[in-house]
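Asker: Mind looking at a prediction? Sequence and model below.
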Amino acid sequence: MLKKFLPNEQVKSVFDVHPEDLKRRGIKGIITDLDNTLVEWDRPNATPKLIEWFKKMEDQGILVTVVSNNNQKRVAAFAEPLKIPFIFQARKPMGKAFKRALDVMKIKKDETVVIGDQLLTDVLGGNRAGFYTILVVPVAKSDGFFTKFNRQVERRIMNWFKRRGMIDWEDEA
């Protein structure tokens, strides 16, 4: 059961995910979380560096869809200026929003990666739905109310994986 929480890959940030590497693996799209994955949970807009990352993905033909459990106002305010498709109130780890993201991008599951900062929502949801999952270190050192609880559970799971040699990386928060 705990293996559903194990990401396929761990990186420091989305900036360690490169379009050339994705293309080599046949990846055509990214389903990404928003808060603490792309920007801090309380930062309304993309940073210049993140805008550049999105542009690199676009230039290489990699589609990106933001899938967030946050509300429409928050997600739209971030994604609309960037002209990036988004799904709000996704109810991750439930699988429906992941399927909707595939429909939006018009690509297949095996052509898509899921990127997020939380084991209990992003990784579990992506793994349950059959995606390749990439876990990133949270951008912010602080979290919203519900995420604080999730982080406590995640630390226990990460420690379990670490003790068994299943990961060599852990959340720095």
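Answerer: Done, it's in. Numbering: from 1, shown residues only.
Asker: what's the single longest helix in the chain?
Answerer: Ranked by residue count, the top helix of the chain under DSSP state H comes out as helix 145-163.
Asker: For it, output the C-alpha coordinates as PDB.
Answerer: Taking Å, rounded to 0.1, in the frame of the first residue of the first chain, the C-alpha atoms of helix 145-163 are listed here in PDB:
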ATOM      1  CA  PHE A 145      -3.700  24.800   7.300                       C
ATOM      2  CA  PHE A 146      -4.600  21.500   5.700                       C
ATOM      3  CA  THR A 147      -1.200  21.000   4.100                       C
ATOM      4  CA  LYS A 148       0.500  21.200   7.600                       C
ATOM      5  CA  PHE A 149      -1.300  18.000   8.600                       C
ATOM      6  CA  ASN A 150      -0.400  16.300   5.400                       C
ATOM      7  CA  ARG A 151       3.300  17.200   5.900                       C
ATOM      8  CA  GLN A 152       3.400  15.400   9.200                       C
ATOM      9  CA  VAL A 153       2.000  12.200   7.600                       C
ATOM     10  CA  GLU A 154       4.400  12.600   4.700                       C
ATOM     11  CA  ARG A 155       7.400  12.900   6.900                       C
ATOM     12  CA  ARG A 156       6.500   9.500   8.500                       C
ATOM     13  CA  ILE A 157       6.100   7.900   5.000                       C
ATOM     14  CA  MET A 158       9.300   9.400   3.700                       C
ATOM     15  CA  ASN A 159      11.200   8.200   6.800                       C
ATOM     16  CA  TRP A 160       9.800   4.700   6.200                       C
ATOM     17  CA  PHE A 161      11.000   4.800   2.600                       C
ATOM     18  CA  LYS A 162      14.400   6.100   3.700                       C
ATOM     19  CA  ARG A 163      14.900   3.400   6.300                       C
END
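Asker: Going by neighbour count, which residues of that helix are buried?
Answerer: Using 16 or more other C-beta atoms under 10 Å as the test for burial, helix 145-163 gives 147, 151, 154, 157-158, 161. Any C-beta I mention is one placed from the backbone N, CA and C, and that applies to glycine too.
Asker: Check which helix or strand residue 30 maps to.
Answerer: Taking DSSP states H and E as the criterion, residue 30 maps to strand 29-32.
Asker: Give the rounded mean pLDDT of that strand.
Answerer: Summarised as a single mean, pLDDT over strand 29-32 is 98.
Asker: Any chance you could give me the following helix or strand past it in CSV, C-alpha atoms only?
Answerer: Heading C-terminal from strand 29-32, the first helix or strand you meet, by DSSP H and E, is helix 48-59. What follows is helix 48-59, C-alpha atoms only, in CSV (Å, rounded to 0.1, in the frame of the first residue of the first chain):
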residue,chain,number,x,y,z
PRO,A,48,10.2,35.4,-14.2
LYS,A,49,12.2,32.2,-13.9
LEU,A,50,9.0,30.1,-13.9
ILE,A,51,7.7,32.0,-16.9
GLU,A,52,10.9,31.2,-18.7
TRP,A,53,10.5,27.5,-17.7
PHE,A,54,6.9,27.4,-19.2
LYS,A,55,8.3,29.0,-22.4
LYS,A,56,11.0,26.4,-22.7
MET,A,57,8.3,23.7,-22.3
GLU,A,58,6.1,25.3,-24.9
ASP,A,59,9.1,25.8,-27.3
